[in-house]
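In: test case, fold it:
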Amino acid sequence: MSEITGPNEALPPAIMLNEPPRIPPPAWEPPPAPAITPDLRPVPFEDLQAFPGFWARVGGMFRMVFRNPMELFERVPVGEGLGAPWRFLLLLSIPVFLIMTLIFFLVGIGIMVAALEQAGKSDGKAIAAIMPVIFGVILLLMPLFTFLGMVIGGAFNHFFLWMWGGLRPGVGASQSIRAYGYAHAFLQLGGFIPIVGPLIQLAGLIVIGMGLARMHKTNTWRGICAVLTPFFLLCCCLLPLLAMAIPALSALGRH
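Out: Numbering: from 1, shown residues only. Okay, here's the model as predicted:
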């Protein structure tokens with residue numbers, strides 16, 4: 001007798017004919033390769049292939065900045081390291097070094113003259129002997145001060161851009177410092193232009209903010225606010241000090 005399946009018994013599984021074989025998924029898949037822009041090269045000062053000569057690289061930097069300042073911030077993340085922007089900043093800081101040397105020389109001459117007038121006093125001779133050493137040490141440390149200024153200024157810009165919510169993943173603080181070093185070199189040089197120097201520096205801060213926003217792919221207002229925040233904080237700290245110093249100086253003047 002044939003067995004008849006009852007209403008409550010499970011039916012046997014159906015057998016599919018010509019079913020394609022199942023391929024198990026791979027245990028690991030490589031991540032997608034990042035998109036690379038083939039025509040994006042380093043800044044001219046770091047592009048030894050396109051600009052073999054040193055002064056050709058310097059000229060390429062000036063041409064790029066005067067043609068399209070935002071291109072500087074777009075091409076800075078292609079390179080790495082802080083040595084190249086520091087050397088470029090040192091090169092454009094030569095006028096600052098010369099002016100500081102002249103000031104130190106004039107101050108040293110004044111101190112020596114004052115010491116000669118007090119030739120009989122030992123204090124005057126000691127000051128005349130130690131001041132040239134102090135000035136020489138300061139001049140030797142100016143490249144170090146330049147490097148520290150570049151690092152601190154760029155780190156502040158990066159920090160305040162983070163506070164304004166404008167950081168882009170993948171662009172770290174070192175890239176912000178590199179961009180600040182190159183941009184500050186031009187900004188420092190423009191500050192020596194008579195009459196319009198302060199205006200150039202103020203406009204340069206805004207350009208740096210726009211460039212940081214372009215580099216981090218964020219809103220322009222965030223980059224400008226990030227750059228101007230230290231300036232406003234400094235003003236807020238100096239105004240109370242000036243408000244307290246002016247009455248004190250006027251009181252001393254009356255006495």
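In: so, low pLDDT: which residues of the stretch 51-200 of the chain?
Out: 108-129, 131-132 (pLDDT under 70).
In: quick one, helices of it?
Out: In order along the chain, the stretch 51-200 of the chain carries the following helices (DSSP state H, counting those that start in this stretch): 54-67, 69-75, 83-92, 94-117, 122-163, 173-190, 197-215.
In: make JSON lines from these and add distance to Leu234 and mean neighbour count to it.
Out: C-betas here are computed from N, CA, C, even on glycine. Shown next, in JSON lines, are the helices of the stretch 51-200 of the chain (distance: least, Cβ to Cβ, whole Å; neighbours: other Cβ atoms under 10 Å):
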{"stretch": "helix 54-67", "distance to Leu234": "26", "mean neighbour count": "14"}
{"stretch": "helix 69-75", "distance to Leu234": "24", "mean neighbour count": "18"}
{"stretch": "helix 83-92", "distance to Leu234": "21", "mean neighbour count": "18"}
{"stretch": "helix 94-117", "distance to Leu234": "20", "mean neighbour count": "13"}
{"stretch": "helix 122-163", "distance to Leu234": "11", "mean neighbour count": "15"}
{"stretch": "helix 173-190", "distance to Leu234": "16", "mean neighbour count": "23"}
{"stretch": "helix 197-215", "distance to Leu234": "12", "mean neighbour count": "19"}
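In: let's have these in JSON lines, adding distance to Pro42.
Out: Shown next, in JSON lines, are the helices of the stretch 51-200 of the chain (distance: least, Cβ to Cβ, whole Å):
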{"stretch": "helix 54-67", "distance to Pro42": "10"}
{"stretch": "helix 69-75", "distance to Pro42": "6"}
{"stretch": "helix 83-92", "distance to Pro42": "9"}
{"stretch": "helix 94-117", "distance to Pro42": "24"}
{"stretch": "helix 122-163", "distance to Pro42": "18"}
{"stretch": "helix 173-190", "distance to Pro42": "11"}
{"stretch": "helix 197-215", "distance to Pro42": "14"}
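In: surely Phe73 meets Lys217?
Out: No. Using Cβ atoms under 8 Å, Phe73 is not in contact with Lys217; the gap is 10.8 Å.
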